[in-house]
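K.L.:
predicted model and sequence below, questions to follow.
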Amino acid sequence: MTELTQGQSLTLAEDGQPLTSVRMAVGWEHSSTAGFMGSGAAPIDLDASAVQFAGEQFFDIAFFNNLATRDGSVIHLGDNTTGKGEGDDETISVDLARVYAKVDTILFLVTSYQGHSLEYIRNAYCRLIDDAGVEFARFTITLGVQETGLVMAKLFRDGDGWRLGAIGAGIALKTPTDSIELLSAYVDR
């Protein structure tokens, strides 16, 4: 398993063979000091999303309100509205072999549906799991994010294969459809 830091990337291959499918899992914990004066406000509803781009042009999306892309290559496996419980909170599967040929980037992000700042989230991460269910890479968010969203990572084409790039940038979105223009800025990063 590789722990990525912001700006790093790695090739999605195992034993020299490109991976054909992966799952991007995200997890978080709600801070017990969230809310007015640390009053222990209700859990924050974060949503994982995968947004496909062909060049800088939006192509398709999988998130809580649209669970699969049209080509069926990206599937959101369910919405966790609290972040409670051990392990991954939301998972998105990607069949890399089925991704439409014109799609060259898939952004992974989390957003706060109710518009809460992510500074009240602890232990946020995204991790890539290979076909066998083994964690291939992890990107952990270590600093408070004042925005309502976070572009965590991206998958991007690299010749005949794919690479994973860690981004870790805050973004002012409550849902990924709030501003595709803001998201497109992360395609070339």
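P.N.:
Thanks, I have the structure now.
K.L.:
so, low pLDDT: which residues of this structure?
P.N.:
Within the chain, the stretches with pLDDT under 70 are 1, 30-44, 79-87, 141-144, 189.
K.L.:
find the residue at the geometric middle of it.
P.N.:
The chain has Phe108 as the residue nearest its centroid, 2.8 Å off, counting by Cα atoms, centre = their mean.
K.L.:
can you pull the contacts of that one?
P.N.:
Neighbour list for Phe108: Met24, Val26, Ala48, Ser49, Ala50, Ile92, Cys126, Val151, Met152, Ala153, Lys154, Leu155 [criterion: Cβ atoms under 8 Å, 6 or more residues apart in numbering]. Using the backbone N, CA and C atoms, a C-beta is placed for each residue, glycine as well.
K.L.:
same question for Ile61.
P.N.:
Counted by Cβ under 8 Å, 6+ apart, Ile61 has contacts Ser49, Ala50, Val51, Gln52, Thr69, Pro176, Thr177.
K.L.:
now do the phi/psi pair for Leu118.
P.N.:
phi -80, psi 0 (degrees, to the nearest 10).
K.L.:
count of neighbours near it?
P.N.:
By the criterion of other Cβ atoms under 10 Å, Leu118 has 22 neighbours.
K.L.:
and the residue nearest to the centre of the chain, how close does it get to Val94?
P.N.:
According to Cβ to Cβ, to the nearest Å, Phe108 and Val94 sit 9 Å apart.
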